[in-house]
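Visitor: please work out how this folds:
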Amino acid sequence: MHTKQSNLSFYGLGIAPKLLEMLDLMKFTTPMPIQYKAIPVAIEGKDVIGIAQTGTGKTLAFAIPMIQRLAQRQGRGLVLVPTRELAIQVDETYKKIEHAFGIKSVVLIGGDPIHQQMQALRKDPRVIIATPGRLIDHLRQRNIDLRDIIILVLDEADRMLDMGFQPQIEQILRFLPGPSQRQTMLFSATIPQEIVKIAASHMKLPVSVEIAPSGTAAEHVTQEVFIVRRDSKKTLLAKLLYQYRGTVLIFSRTKIGARKMTRMVRDLGHRVAEIHSDRSLVQRREALEGFKSGKYRILVATDIAARGIDVKGIELVINYDLPEDADNYVHRIGRTARAGHEGHAISFAEPNQGNDVRSIEKLIRIKLPISVHPELPKERFVENEKIFDRHNRRRGIRYHSGYQRKAQQR
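Guide: Numbering: from 1, shown residues only. Okay, the predicted model is just below:
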């Protein structure tokens, strides 16, 4: 936790004594800012739009109010998330606090046998955590009735309301009570204004709880960019994986690229696993658990993992490919420097990707420093840096500070 937040406490936020006991048992004594601001508002039953950097405790900010309000009244809660990994992660948080009131949750995600989920639904869980596609499957088969939902949460709300998921969300909302009959909460690190407008039509007088402006990067993550030709990216990656000895998360833009990169990293002698949509749920769970436990030092992922990996102590995030959407950059690098810890993010930009970098800089309101690796030909980087654009050239280039720091430590 942040030391500068040490004067804050969960006491006085309106949290029930039983839940305070659970938080004490979990050694949660100091609330994160989003928790401190959102929990009292949500406990009152108000609609909430919560914006805070990744890794700042947003799940507890809606889980605590939901569990407490469900303990006080009839009805159920629904949490919609964009990925299977995030659904499992959210459920892990709920499991830590829900038994204080005898409340049970169920996870409805693709990849799990649907008949097992049907059996779990027959036990009448009070909290449903689901991805939109699988929830719609259950609705079509009439396995579930959502007319008693009194609390709805859209986690990673920008993804849930973008053009990809919005039709599914609209379909699900037709099975729920209207906005005036339920509490609705939206949480994310990035919520563009157009998403806010869409959300407002599904909410009643929402209270905006903004810890940091939308798009703000995690507080303790340092960032740098290498301008590198495509045929030199593998060489640069190999050198970085040798220099950084901690856990490393590498992002690829495509699942084909992720597969190729995993083979390449394995051939370099590293313990590596992969997560993308072509992997089964069992394979994805094994990869993530292996990464958490140290079985794999390196995890290669597509953006499916940018919002679903909560692993402590990731030293380095590498954007081997820049994301298609600048918002995803914030979520990617937010996998490191979580919960007040420090972390580092390195991005590879090809010479023709100046506009992509500028889009990221505009979103995060930071100029990304350009680095040169001392073990690769300087001329190649200087040439690329000049091609990149005049805007970047004025900022100059520097030798890879992370490498120098590591070298001094050795």
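
Visitor: what's the neighbour count on G102?
Guide: Other residues lying near G102 total 8 when counted by other C-beta atoms under 10 Å. For glycine as for every other residue, the C-beta is placed from the backbone atoms N, C-alpha and C.

Visitor: T302 now?
Guide: Neighbours around T302, by other C-beta under 10 Å: 22.

Visitor: wait, it touches T254, no?
Guide: Yes. Using C-beta atoms under 8 Å, T302 makes contact with T254 at a distance of 6.8 Å.

Visitor: check contacts around G133.
Guide: Listed by C-beta atoms under 8 Å, 6 or more residues apart in numbering, the contact set of G133 reads G110, Q168.

Visitor: quick one: residues in contact with the helix or strand that contains L316.
Guide: Take DSSP states H and E as the rule and L316 turns out to sit in strand 314-319. With contacts defined as C-beta under 8 Å, 6+ apart, strand 314-319 is touched by 221, 237, 240, 244-251, 329, 332-333, 335-336, 338, 343-348.

Visitor: packing partners of the helix or strand following that strand?
Guide: Next along the chain after strand 314-319, taking DSSP H and E as the criterion, comes helix 326-333. Applying 3 or more C-beta pairs under 8 Å, 6 or more residues apart in numbering; DSSP states H and E, one finds that helix 326-333 contacts strand 314-319, strand 343-349, helix 354-364.

Visitor: for these, give me JSON lines that also has mean neighbour count and distance to V81.
Guide: Below are the helices and strands packed on helix 326-333 laid out as JSON lines (neighbours: other C-beta atoms under 10 Å; distance: least, C-beta to C-beta, whole Å):
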{"stretch": "strand 314-319", "mean neighbour count": "23", "distance to V81": "20"}
{"stretch": "strand 343-349", "mean neighbour count": "24", "distance to V81": "23"}
{"stretch": "helix 354-364", "mean neighbour count": "18", "distance to V81": "22"}
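
Visitor: let's have those in JSON lines, adding mean pLDDT.
Guide: Shown next, in JSON lines, are the helices and strands packed on helix 326-333 (pLDDT from 0 to 100):
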{"stretch": "strand 314-319", "mean pLDDT": "91"}
{"stretch": "strand 343-349", "mean pLDDT": "92"}
{"stretch": "helix 354-364", "mean pLDDT": "89"}
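
Visitor: tell me the confidence at N392?
Guide: Per-residue pLDDT puts N392 at 49.

Visitor: start the count at 321 instead of 1 going forward.
Guide: Yep, numbering from 321; the last one is N712 now.

Visitor: for M581, give me its contacts.
Guide: M581 makes contacts with L557, I570, S572, E594, V620, Y640, as judged by C-beta under 8 Å, 6+ apart.

Visitor: before we move on, what about I492?
Guide: With contact taken as C-beta under 8 Å, 6+ apart, I492 is in contact with L400, P452, L455, I456, L459, L466.

Visitor: pull the contacting residues for the residue lying closest to K357 once chain neighbours are set aside.
Guide: Closest residue in space to K357, ignoring its immediate chain neighbours: V529 at 4.8 Å, by C-beta to C-beta, 6 or more residues apart in numbering. V529 makes contact with I354, K357, A358, V361, V368, I369, G370, I371 under the criterion C-beta under 8 Å, 6+ apart.

Visitor: and the third one, which helix or strand is it part of?
Guide: For A358, the enclosing helix or strand under DSSP H and E is helix 353-363.

Visitor: among the contacts of strand 634-639, which ones are buried?
Guide: Burial by neighbour count, 16 or more other C-beta atoms under 10 Å: within those this picks out 541, 557, 560, 564, 567-571, 649, 652-653, 655-656, 658, 663-668.

Visitor: about what we covered before: ok so the residue nearest to K357 is a strand residue?
Guide: Yes. Counting by DSSP: H, G, I helix; E, B strand; the rest coil, V529 falls inside a strand.

Visitor: thanks a lot, catch you later.
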